[in-house]
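Trainee: only geometry, no sequence info:
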């Protein structure tokens, strides 16, 4: 849904609203690296308890879990809305949600290693989809639709910035994943590169959509990539291929959703001091399904996204602040103990 | 999913035999006592043959042979055992009184056969008899001879029936273990080729040999296989490789095989060179290879005997066949039922016209045709040779034609089912065809319920399962997931041999010699040949 918020009321200049999000993403990656270096060998929740004490550590940990849960619900239900609204109009939303969450639940239960393997395949798929979109939109793209480059109302721009903030705030999941990634050398550089590549991909789609539909039509389209896919014709044989693109995109959704749900369930299990507890795991997933069902339709989802983006302006910096300050204090304490020979 | 963990080898333990742990039965001094023990053990065994005799006509030199009729070579028994002992022995009478001397004499001079084992345990002798050997007992001696005289009926080495190739060796394994090990030994003439024997099954006493190349195979895999085989030594029976497979695989409830079957010695040799391990089972013409990666099920030995481009092309045909066999019926159901807008108008009209008058929805059509085909396939396996082929062809034609004429199914459905079947036949491994056939039906069901979303849900569920599946600790989808780019050269294409100098993931290479070899090979590969009278060639 990020492209929708970026373009609505902002036109071509909406792409620039991603910059604050990129900056936030860079800050998160750097904080992750700093935290991991300070608390090497710890995962997030034990590290928070160690840095901030039991009570405050668990409270901040709960804040992380809530953020992951809201982000996971927002991502997965966005895709569910696409399926329900465009492909399976008569199928109950609950049924579609249960299917996706079951799959994501099994994937997250298997662990991070399996999620990473599927995510590797996603990278190839995203490339294929992007190439298909590029080739397919050749006949309908017009550079004149991109002009003039204009800035919209400050309110629209603020909404776009907030949404970009929230979207890139999803990188907070790196705090759960980083200890596993940190085995590779130069991991933060690779993460920055990955973030850059994905931003370029999103920008490309936005520019393609603007070039195909124009700046004013796109303002009313919620699912821009889907609408773009609808316009694409692959040779003279296949047309109206939005269903194909949607289900190909499902691989990416399942991989991302798997990782986010893993962060939630792993976080909950770590908060309760359990490991691989199936009751906690599936109970958490049932709660996520329930949370998402509170949004009755796509409008409800849009409202939820907007509320979350407002809250995240405070939520994300507070969480980051706790982690950074806690890491600094912990490092200072370690140096003091080393100095005393303890 | 329960996963049997890999354990690091503590020490290189020698293979254990089920007999080793059982209490021994030492051979008695008295021939009568030993004979009585054996006769009581094999009471009511009409195929047991025993003959008591005097050696060289001397009353103080008594002996007896025991063997099973039909298991031994009569000519060896008569010419190489009985004749020398009864007729050709010339004893000095003093030597006859000393058991050790005459035992030694018999061993050195009177048994002109290749393989003789000296034992002091009657149970070991009994086991050897059941393997087709002859047990020779001597009076007043606490040792006995096991003489190799195997002669049980066996099939000769013939062509492979299930792994047919147009180019390359045509030999296939047979039931006897030693024939199979000989076929492997003929291809890998190195002392590093090891055969470790295990005897499994309380009632069958089946000999299972663990085969590997020492220094090439992964020691962890070898130790783990030993551990798993040791765990099953006291089961009732091992009748075939499939019994061993079911006992030792990681995920018994998965539809995907975690061990590979082959009846080709060249395939076994190639797999051993890659660092894999083989299990040869006595009485089974199939050898088990492990660990198994999914991509290996789609590789044929013929890929490596053909040229690079041809091998690569055939491999891609197989990948396409796999995709078609798994997803075509479900895609047909999904697109015609939920997403007809994807099809061009002319095709859509054609399908709509053909389906006019068909009373069933696309899913039921697909189900009827697929089930009919599966019934035909299963029936043609059970029927004898020519009848089976005829029934298969005629049945398919008749059923397809009749069903279309009766407006039970659309003609497009018959084409879809036919192409699906052809796609499934391109998969070279028989054990890989079963999961493809099984997965097709749930995918069709999901397509009927949820369209393309359901198909993708099903495919992703299979992918999640495969990503989690292990074969003896190794990821099943390697080198696709986890992605290993340098190993994809034997997956996406069939790279030339001089570019595949590193062993795959099973064994970590000690040195990175691959690229220097490839570069040198490329420079050295063509030497111009100077011909008489041709002054332009050669420098």
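Mentor: Here it is on my side, so go on. Computed from a prediction, not measured in an experiment: that's the story for all the values here.

Trainee: make it CA atoms for all contacts and neighbour counts henceforth
Mentor: Will do.

Trainee: give me the buried stretch members for the helix ranked longest in chain B, please.
Mentor: Secondary structure of chain B per DSSP state H: the longest helix is helix B:430-468. Neighbour-count burial for helix B:430-468 flags B:430-433, B:436-437, B:439-441, B:443-461, B:464-468 (criterion: 16 or more other Cα atoms under 10 Å in any protein chain shown).

Trainee: neighbouring contacts of the next helix or strand after it?
Mentor: With elements assigned by DSSP states H and E, the helix or strand that comes after helix B:430-468 is strand B:470-471. Strand B:470-471 has contacts (Cα atoms under 8 Å, 6 or more residues apart in numbering or on different chains) with B:3, B:249, B:250, B:251, B:258, B:259, B:290, B:291, B:292, B:293, B:476.

Trainee: at 10 Å what do you get?
Mentor: Strand B:470-471 is contacted by residues B:3-5, B:249-251, B:257-259, B:290-294, B:476-478 when judged by Cα atoms under 10 Å, 6 or more residues apart in numbering or on different chains.

Trainee: ditto for stretch A:27-34
Mentor: Contacts to stretch A:27-34, defined as Cα under 10 Å, 6+ apart, come from residues A:21-22, A:24-26, A:35-40, A:44, A:168-179, A:182, A:187-189, A:191-192, A:195, A:316-317, A:320-321, A:323-324, A:327-328.

Trainee: verify the contact between residue A:227 and residue A:213 for me.
Mentor: Yes - the criterion here is Cα atoms under 10 Å, and residue A:227 meets it with residue A:213 at 9.1 Å.

Trainee: so between these two, which is more surrounded?
Mentor: residue A:213 (22 against 17; other Cα atoms under 10 Å in any protein chain shown).

Trainee: got phi/psi on that one?
Mentor: phi -100, psi -20 (degrees, to the nearest 10).

Trainee: which ones are touching it?
Mentor: Contacts of residue A:213 (Cα under 10 Å, 6+ apart): A:140, A:141, A:142, A:145, A:146, A:207, A:219, A:221, A:224, A:227, A:228, A:231.

Trainee: nearest to chain B among these?
Mentor: residue A:231 (12.0 Å; Cα to the nearest Cα).

Trainee: what helix or strand is residue B:40 on?
Mentor: Applying DSSP H and E, one finds residue B:40 within helix B:31-41.

Trainee: now do that helix: distance to the chain's middle.
Mentor: Centre-to-centre, helix B:31-41 and its host chain are 40 Å apart (Cα atoms, centre = their mean, to the nearest Å).

Trainee: list of residues touching it?
Mentor: Contacts for helix B:31-41 (Cα under 10 Å, 6+ apart): B:25-28, B:42-43, B:45, B:48-52, B:62-66, B:122-123, B:125-126, B:137-142.

Trainee: before we move on, what about stretch A:279-295?
Mentor: Applying Cα under 10 Å, 6+ apart, the contact partners of stretch A:279-295 are A:69-70, A:72-74, A:76-78, A:80, A:93-94, A:97-98, A:100-102, A:104-106, A:108-109, A:261-262, A:264-266, A:268-269, A:272, A:274-275, A:277-278, A:300-304.

Trainee: what about that stretch, distance to the chain center?
Mentor: With Cα atoms, centre = their mean, you get 18 Å for stretch A:279-295.

Trainee: with stretch A:313-321 instead?
Mentor: 16 Å.

Trainee: one step back: mind checking which of the contacts of helix B:31-41 are buried?
Mentor: B:27-28, B:48, B:50, B:52, B:62-66, B:122-123, B:125-126, B:137-142.

Trainee: surely residue B:195 is in a strand?
Mentor: Yes - when DSSP: H, G, I helix; E, B strand; the rest coil is applied, residue B:195 is found to be in a strand.

Trainee: who's it bridged to?
Mentor: residue B:211 (DSSP bridges).

Trainee: burial count for it?
Mentor: 17.

Trainee: residue A:25 now?
Mentor: By the criterion of other Cα under 10 Å, residue A:25 has 23 neighbours.

Trainee: and residue B:482, helix, strand or coil?
Mentor: coil.

Trainee: report the contact partners of it.
Mentor: Residue B:482 neighbours (Cα under 10 Å, 6+ apart): A:113, A:114, A:116, A:117, A:118, A:119, A:120, A:121, B:467, B:475, B:476.

Trainee: quick check: phi and psi on it?
Mentor: Taking degrees, to the nearest 10 as the convention, residue B:482 sits at phi -70, psi 150.

Trainee: chain B against chain A: which residues are in contact?
Mentor: For chain B, the residues in contact with chain A (Cα under 10 Å from any Cα of the partner chain) are B:1, B:335, B:338-345, B:347, B:449-461, B:463-469, B:475, B:477-478, B:480-483.
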